[in-house]
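**Student:** return atomic coordinates for the entry below.
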Amino acid sequence: MAYGVLVFAISILIVGGLFRFGYDYILFPALSGFLVVGPLIAAGLYEKSQRLAEGLPVTLAGMMFVTARSGGQILFVGVLLSMLAVLWMRAAVLLYAIFFGLQPFPGLNEIVGILIGTPRGWALIAVGSLVGGLFAAFSFAISVFGIPMLLAERTDALTAMGRSMALVWNNRPVMLTWGAVVTGLSVLSIATGMIGLIITFPVLGHATWHAYSAMRWKVHAGREELRVDVGGEP
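**Tutor:** As a prediction, this is how the structure comes out:
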């Protein structure tokens, strides 16, 4: 719960900073960009779940300052996810300019009516959802198992991201369902003024770790069966 409170507080500070420094026009892209970097922010929750599974003590400090078994490789994924979030926010601004021209941002009070009350607004929502969905799908695919893998195993970033994408692709129905659950709970949390993050974020973090743990066991079991089938030692 304390971890959820910290995520909530940081989110409020970021949103407040956007308004304070006049960047409120990227509020909606920034909120949706949270889905891109969310798996990285949840690293402390993955660490807690792993330590609980191993019967090790858990502290809040240990969750905030995680030591990955892969060393600095996780930083590479973190930088990549951050770059994807920034690129998505830039793309969102360009999409707005394409549909509405180089006009000043009308403000949050007016932009909602423009988006849902005009044909251009609906077109922007449709195209923006498609483009944003591609960013979110790619980041989800490389990080949902990639970041837990880098925390728990000694591997490199490219291998972890590649394995994560392969696991997501080979388990599309369940991963699409899980992605919809994550998106739905994230939208619900935003609708509550970020307060919902205090509960939903830790729940999603722990659930993601257990999904990775179950998938890792399944992969290892499949490898052992393959070795037996080809005449190897179990």
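**Student:** who's in contact with the residue nearest the centre of the chain?
**Tutor:** Closest residue to the average C-alpha location of the chain: Gly38 at 3.3 Å, with Cα atoms, centre = their mean. By Cβ atoms under 8 Å, 6 or more residues apart in numbering, Gly38 lies in contact with Val182, Ser186, Phe201, Leu204. For glycine as for every other residue, the C-beta is placed from the backbone atoms N, C-alpha and C.
**Student:** name the element the third one belongs to?
**Tutor:** Take DSSP states H and E as the rule and Phe201 turns out to sit in helix 197-229.
**Student:** what's the mean pLDDT across that helix?
**Tutor:** Averaged across helix 197-229, the pLDDT comes to 75.
**Student:** cool, stretch 96-105 as well?
**Tutor:** Mean pLDDT, stretch 96-105: 79.
**Student:** got a list of contacts for it?
**Tutor:** Residues from elsewhere that reach stretch 96-105, judged by Cβ under 8 Å, 6+ apart: Asp24, Tyr25, Ile111, Ile114, Arg120, Gly121, Ala123, Leu124, Val127.
**Student:** now the closest residue to the last one other than its chain neighbours: how far from Pro104?
**Tutor:** Counting by Cβ to Cβ, 6 or more residues apart in numbering, Leu95 is the residue found nearest to Val127 once chain neighbours are left out, at 6.2 Å. In this structure, Leu95 and Pro104 are 16 Å apart, going by Cβ to Cβ, to the nearest Å.
**Student:** cool, Glu47 as well?
**Tutor:** From Glu47 over to Pro104 the distance is 45 Å, taken as Cβ to Cβ.
**Student:** show me the shaky parts of this structure.
**Tutor:** 106-109, 218-234 (pLDDT under 70).
**Student:** Pro57 against Arg51, yeah?
**Tutor:** Yes: using Cβ atoms under 8 Å, Pro57 is in contact with Arg51, at 7.1 Å.
**Student:** still on that earlier bit, tell me the contacts of the residue nearest to Val127?
**Tutor:** Contacts of Leu95 by Cβ under 8 Å, 6+ apart are Leu124, Val127, Gly128, Val131.
**Student:** can you name the element that comes right after the helix or strand that contains it?
**Tutor:** Secondary structure assigned from DSSP H and E places Leu95 in helix 73-100. Remark: after helix 73-100, the chain's next helix or strand is helix 108-117, criterion DSSP H and E.
**Student:** other SSEs contacting that following helix?
**Tutor:** Helix 108-117 is packed against helix 119-143, with contacts defined by 3 or more Cβ pairs under 8 Å, 6 or more residues apart in numbering; DSSP states H and E.
**Student:** how about the helix it packs on, which residues are buried there?
**Tutor:** For helix 119-143, the neighbour count (16 or more other Cβ atoms under 10 Å) marks Gly121, Leu124, Gly128, Gly132, Phe135, Ala136, Ser139, Phe140, Ala141, Ile142, Ser143 as buried.
**Student:** can you put those in CSV and add distance to Met215?
**Tutor:** Converted to CSV, the buried residues of helix 119-143 look like this (distance: Cβ to Cβ, whole Å):
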residue, distance to Met215
Gly121, 40
Leu124, 37
Gly128, 32
Gly132, 26
Phe135, 23
Ala136, 20
Ser139, 18
Phe140, 14
Ala141, 13
Ile142, 15
Ser143, 14
